[in-house]
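S.K.: Okay, structure incoming, though there's no sequence with it:
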């Protein structure tokens, strides 16, 4: 029986009867809920989600079957309801340097998946659609060494093994994060220390392992001097491609005080250095970095990062930045900053980390307070009285 039959009841029934009023009210509630359920079932809904490993989100526009366009600006989740049956077109404006994947689902069924920023899909009546827009930021990692075929391991964040192989090797579409390369030992050679670089989207970082194998062996016999081979000379030249300098305007700082640092990178070679990544590592538990950082520097975790497009032969790149000592530091605490640089075709100099590290000590401020101030006032008053007495005696004389 149709729910609209209720409207054909004879109007001469005693409407003042409480029981009848209750029945009519109950029927109207049931009738209203039925209509709501029917409208929801036939209207459908669409949820659009954006997923990004960073805080950067894109914007999108949705063209409906009737030609109208719905716009959205950098929202994590958006709900579109009700939706009509027909063909929809989604256009995404992704964050800079991001790669985009769009997946459309009807319940658990995948309607369509594309690698790109545009997608069209068909919606049936009453469907529950979910759109997931996923952004990824990737770059390229190159690993090489002066001895070919050396095994290595690349570890990403949380010290998880990400890649392993032998030099030389190139990895593309690598997620943006910080990576550390460890090289295997080679008999008779000094193993390069672990190298850490921060990979940014659409950038390339290069790791180079410089094995030093030119150490003399003492056999106890007198050896005839021979001409120095050319290979070690090339290594020494490569080791002087650049010079990093990190200095400060003071040697001590009080807790809560600010230190001004000067960072410079000099190109000692005869060719142009390109795509340099310069970093300064610090301990966030004892100090922080003033922002904004000069020369478009970026603070990320415990690193200050700069990207240098090029340094010409014989030229120097330099910048300044401020470091703020924590308020609760004790006297004797050391503030240590370590500078590093890497670039395309740039060979690690093998310089010890200690020579690239600048240390500043934390000193106590002079103590002051009521007793000190009162003592100073008393000393000043007595001194003033003595001076006045001396002047009076000289005048009387």
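M.R.: Arrived safely, thanks for sending. All of these numbers come straight from a predicted model, not from anything done at the bench.
S.K.: so which strand or helix has the nearest residue to residue 290 once chain neighbours are set aside?
M.R.: If the residues on either side of it in the chain are set aside, residue 290 comes closest to residue 322, at 3.5 Å by C-beta to C-beta, 6 or more residues apart in numbering. Any C-beta I mention is one placed from the backbone N, CA and C, and that applies to glycine too. Following DSSP states H and E, the helix or strand that holds residue 322 is strand 316-325.
S.K.: Would you check how far apart residue 284 and residue 310 are?
M.R.: Distance, residue 284 to residue 310, using C-beta to C-beta, to the nearest Å: 31 Å.
S.K.: what do you get for residue 244?
M.R.: From residue 244 to residue 310 the distance is 17 Å (C-beta to C-beta).
S.K.: Looking at these two, which one has more neighbours?
M.R.: residue 244 (18 against 13; other C-beta atoms under 10 Å).
S.K.: Which stretches in the stretch 151-300 of the chain count as helices?
M.R.: With DSSP state H, counting those that start in this stretch as the criterion, the stretch 151-300 of the chain has helices at 230-238.
S.K.: Also the stretch 1-150 of the chain?
M.R.: Going by DSSP H, counting those that start in this stretch, the stretch 1-150 of the chain shows helices at 18-43.
S.K.: where are the low-confidence patches of it?
M.R.: For the stretch 1-150 of the chain, residues meeting the criterion pLDDT under 70 lie at 1-43.
S.K.: what do you get for the stretch 201-350 of the chain?
M.R.: Applying pLDDT under 70 to the stretch 201-350 of the chain flags the ranges 215-240, 343-350.
S.K.: circling back: buried residues in the strand holding residue 322?
M.R.: Of the residues in strand 316-325, 317, 319, 321, 323, 325 count as buried by neighbour count, 16 or more other C-beta atoms under 10 Å.
S.K.: Quickly note the distance from the first one to residue 197.
M.R.: Relative to residue 197, residue 317 is positioned 18 Å away (C-beta to C-beta).
S.K.: Could you do the second one as well?
M.R.: When C-beta to C-beta is applied, the distance between residue 319 and residue 197 equals 19 Å.
S.K.: what is residue 178 paired to in the beta sheet?
M.R.: Per DSSP bridges, the residues bridged to residue 178 are residue 198.
S.K.: where's it relative to residue 80, distance?
M.R.: From residue 178 to residue 80 the distance is 39 Å (C-beta to C-beta).
S.K.: Check residue 384 and give its pLDDT.
M.R.: Here, the pLDDT recorded for residue 384 equals 50.
S.K.: Give the full set of residues in contact with residue 314.
M.R.: The contact partners of residue 314, by C-beta atoms under 8 Å, 6 or more residues apart in numbering, come to 267, 268.
S.K.: Assign a three-state SS to it, would you?
M.R.: coil (DSSP: H, G, I helix; E, B strand; the rest coil).
S.K.: Run a quick neighbour tally on residue 287.
M.R.: Counted with other C-beta under 10 Å, residues neighbouring residue 287 total 21.
S.K.: my guess is it contacts residue 328, does it?
M.R.: No - at 11.6 Å, residue 287 and residue 328 do not qualify as touching, with contact defined as C-beta atoms under 8 Å.
S.K.: Look up the pLDDT of residue 162 for me, please.
M.R.: 85.
S.K.: That one and residue 73, how far apart?
M.R.: Computed with C-beta to C-beta, the distance linking residue 162 and residue 73 is 34 Å.
S.K.: ok, residue 342 to residue 148 distance?
M.R.: Taking C-beta to C-beta as the measure, residue 342 and residue 148 are separated by 20 Å.
S.K.: okay, these two: which has more neighbours?
M.R.: For residue 342 and residue 148, the more surrounded residue by other C-beta under 10 Å is residue 342, and the numbers stand at 21 against 9.
S.K.: From residue 246, how far out is the more buried one?
M.R.: Applying C-beta to C-beta to residue 342 and residue 246 gives a distance of 16 Å.
S.K.: again with residue 183
M.R.: From residue 183 across to residue 246, the span is 26 Å (C-beta to C-beta).
S.K.: Residue 56 too?
M.R.: Distance from residue 56 to residue 246, by C-beta to C-beta: 31 Å.
S.K.: same check, this time on residue 184
M.R.: As judged by C-beta to C-beta, residue 184 and residue 246 stand 31 Å apart.
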